[in-house]
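S.K.: just the structure for this:
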Amino acid sequence: MYNMNTKLTQACGIALLAISGLMLAGCDANGDGSIDGSGTVGGGGDTNGNGTIDPNEFPNDGSVPTDVTDNGTPITGRFICDLSLNKAKGVTTDAGTGGVVGGILGGILGGLGGQTLNQLLASVKDKDLAIDTRLDTHSTFTLTATGLGILSSVDQVFNLAATVPSRDYAVFAIGFPGGTVDLSLLNTLDITTFLGTTEQETRAFTQNALELLGVDAIGDDRIYLGMKVTKPYDHATIGLSGGLLSVNVGEAMFVHEFCTKGHFVAAP
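M.R.: Numbers count the residues shown, from 1 in each chain. So this is what the prediction gives:
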């Protein structure tokens, strides 16, 4: 739906970007979709070279709608992801609920019945694809009515290998599969950061807010959502809550990457 054509014109070797130990990225001259630390994605968003932006592909050239705030104030322009989490650097990710992390989450999961727990664990598929530094892959929130209606939310939890300092970012590159999600069923999409198990900051995105940004049930809509953080964090969650949890919608949301650094450009 959105086009990006940012290309690296020179072959480049592998570059190590050791920022808080969070990320390993390579300069990409072959269009493989990995972030190289400057905000470019090889292949210009069309990483398979078929001439279109497929559902798995995520532009990173400023063409994607953005809702990122700085201490509650919207930042003008479009976000470009410069740095994202990397499982090769010790980052892990899990399914969760209740917008909590650590031992608190463990206690909640331990209290769930077997069927509900199994449904929750199966509701976020391919989790590691959200921490592989590639914008052309994603985890998938897959929601079925069975067993999820009793939960307050379905979350993907990110456990970082080091603390992200204040004034960096907690921004997600996400997409909504066309034809499968009716946003009228969505009460909120929440993004929350934690230091240990202590909640630091949170943002809630409502149905109306997403629709104003051009996200709806038509097409494979993509968006950057998040915040420039005012407090450090070492865990984060992104979660869906509301009517979606009691309706069999199938694929509900894609999480392409979780970005900790970025910059803004003028909207095209």
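S.K.: please make it C-alpha for all contacts and neighbour counts, starting now.
M.R.: OK.
S.K.: give me the phi and psi for Pro156.
M.R.: Residue 156: Gln, not Pro. Backbone torsions for Gln156, taken as degrees, to the nearest 10, come to phi -110, psi 130.
S.K.: quick one: pLDDT of it?
M.R.: For Gln156, the pLDDT comes out at 95.
S.K.: which one is it nearest to, not counting chain neighbours?
M.R.: Closest residue in space to Gln156, ignoring its immediate chain neighbours: Ala95 at 4.7 Å, by C-alpha to C-alpha, 6 or more residues apart in numbering.
S.K.: any idea which helix or strand carries the one you found?
M.R.: Using DSSP states H and E, Ala95 sits in strand 92-96.
S.K.: against which helices or strands is that strand packed?
M.R.: With contacts defined as 3 or more C-alpha pairs under 8 Å, 6 or more residues apart in numbering; DSSP states H and E, strand 92-96 has these neighbours: helix 114-123, strand 154-164.
S.K.: SS state for Ile104?
M.R.: Counting by DSSP: H, G, I helix; E, B strand; the rest coil, the backbone at Ile104 sits in helix.
S.K.: low pLDDT regions in the stretch 1-150 of the chain?
M.R.: 1-49, 51, 53-56, 115, 144-150 (pLDDT under 70).
S.K.: quick one, strands of it?
M.R.: Along the stretch 1-150 of the chain, counting by DSSP state E, counting those that start in this stretch, strands occupy 66-70, 73-74, 78-84, 92-96, 124-125, 139-143.
S.K.: the helices and strands packed on strand 92-96 into a markdown table, with extra columns for distance to Asp234?
M.R.: Formatted as a markdown table, the helices and strands packed on strand 92-96 follow (distance: least, C-alpha to C-alpha, whole Å):
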| stretch | distance to Asp234 |
| --- | --- |
| helix 114-123 | 22 |
| strand 154-164 | 5 |
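S.K.: among the ones you listed, which comes closest to Thr142?
M.R.: Ranking those by proximity to Thr142 (C-alpha to C-alpha) places helix 114-123 first, at 4.8 Å.
S.K.: list the buried residues of that closest one.
M.R.: Residues 116-117, 119-123 are the ones in helix 114-123 that count as buried (16 or more other C-alpha atoms under 10 Å).
S.K.: what's the closest of those to Ile104?
M.R.: Leu117 (15.2 Å).
S.K.: test my guess that the closest one contacts Ile108.
M.R.: No. Leu117 lies out of contact with Ile108 (C-alpha atoms under 8 Å); the separation is 9.8 Å.
S.K.: Tyr264 - how many residues pack around it?
M.R.: Quick fix: residue 264 is Phe, not Tyr. 16 (other C-alpha atoms under 10 Å).
S.K.: how much space between Phe264 and Ile174?
M.R.: Computed as C-alpha to C-alpha, to the nearest Å, the Phe264 to Ile174 distance reads 17 Å.
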